[in-house]
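Asks: Sequence and predicted structure below; questions after.
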Amino acid sequence: MYLKINNLSVGYNQKAVLSEINLQAQKGDFIALVGKNGAGKSTFLKAFSGILPILSGKILLDEIDLLSLSIKDRARYVSIVLTDRIDVPMSVREFLSLGRQPYANLMGSFSKRDIQIIDEVGDVLKISRFFDRKITELSDGERQKVLIGRALVQETPVLLLDEPTTHLDMENKAILINKLLKISKKQNKIIIISTHDINLILPKINKVWLTDKTIVEKLRKSDLTDLFQPDLIKYDTDCHIFRLL
């Protein structure tokens, strides 16, 4: 499986936030999407998933033109986790089952396989213990795991995550990043994660996409120095992390 993004422009009200985006990825890639606040990371992810319309360009998954698909059909190929707070009167299990809707039959019912997938994701993310609790009863960190669970239940070859570690403490951030890395390799998913936790994720990812009017792949992680004021933050080439000056 390969992903090709050709001459893509994304934005709002026909005004481009990012343009001339040309990128490639393949199965098993774990990609960090980085950039300053307001650089267009969320806009790119939303347009990729179909939440926002594409201004121009193409997104190809193998030979499938994702932009030509209906929202329901695209949901079989791309899932997304946003930072929006969820306050719905549903149990965790009910919410996870939303990820199986692209595969439900005409009656909207789910198969034994659907139920099995939900249980498996619950075990992987260790959220099975509160399957029967309401979303509104969960902490921010627990909700974030449930959001990721809903996307994993969707079983798409491409998974997009917008700041998924925002509501997690340091230990749970590390746990989640390691789980996502394992999932990308074991399930051959392309995972694109927008993040400001650069030092945590740099040792794990194999590609860096930098947003700045467009999105370009940085072949060397040290090239991310462009993100910061050089008199404030410097890349330590010995330790491979960014340090405050």
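Replies: Received, thanks.

Asks: just for this structure, where's the confidence low?
Replies: 105-109, 221-222 (pLDDT under 70).

Asks: As a check, name the ranges of all strands in it.
Replies: 2-12, 15-26, 30-34, 56-61, 64-65, 78-81, 158-162, 190-194, 207-212, 214-218, 233-236, 241-244 (DSSP state E).

Asks: and of the ones you listed, who's closest to S97?
Replies: strand 78-81 (14.0 Å; C-beta to C-beta). In this view, the C-beta of every residue, glycine as well, is placed from N, C-alpha and C.

Asks: Could you chop this protein up by domain?
Replies: Following automatic domain parsing, the chain resolves into domains at 1-77+157-245, 83-155.

Asks: Turn those domains into a markdown table, columns for mean neighbour count.
Replies: Shown next, in a markdown table, are the domains of the chain (neighbours: other C-beta atoms under 10 Å):
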| stretch | mean neighbour count |
| --- | --- |
| domain 1-77+157-245 | 17 |
| domain 83-155 | 16 |
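
Asks: how close does L98 sit to L52?
Replies: According to C-beta to C-beta, to the nearest Å, L98 and L52 sit 20 Å apart.

Asks: ok, now N37?
Replies: 18 Å.

Asks: ok so, going back, let me have the strands of the chain in TSV, adding distance to R133 as columns.
Replies: As requested, those are exported to TSV (distance: least, C-beta to C-beta, whole Å):
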stretch	distance to R133
strand 2-12	36
strand 15-26	36
strand 30-34	31
strand 56-61	35
strand 64-65	38
strand 78-81	20
strand 158-162	23
strand 190-194	27
strand 207-212	36
strand 214-218	38
strand 233-236	41
strand 241-244	38
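
Asks: Of all those, which one is nearest F130?
Replies: F130 lies closest to strand 78-81 among the strands of the chain, at 18.2 Å (C-beta to C-beta).

Asks: centre of the chain versus the closest one, how much separation?
Replies: 6 Å (C-alpha atoms, centre = their mean, to the nearest Å).

Asks: Which elements pack onto it?
Replies: helix 41-49, helix 140-153, strand 158-162 (3 or more C-beta pairs under 8 Å, 6 or more residues apart in numbering; DSSP states H and E).

Asks: between the ones you listed, which gets nearest to I198?
Replies: So among the helices and strands packed on strand 78-81, helix 41-49 is nearest, using C-beta to C-beta, at 12.7 Å.

Asks: List the contacts of the closest one.
Replies: 8, 10-12, 17-18, 21, 33-35, 52-54, 59, 74, 78-80, 82-83, 160, 162, 192, 194, 211, 215 (C-beta atoms under 8 Å, 6 or more residues apart in numbering).
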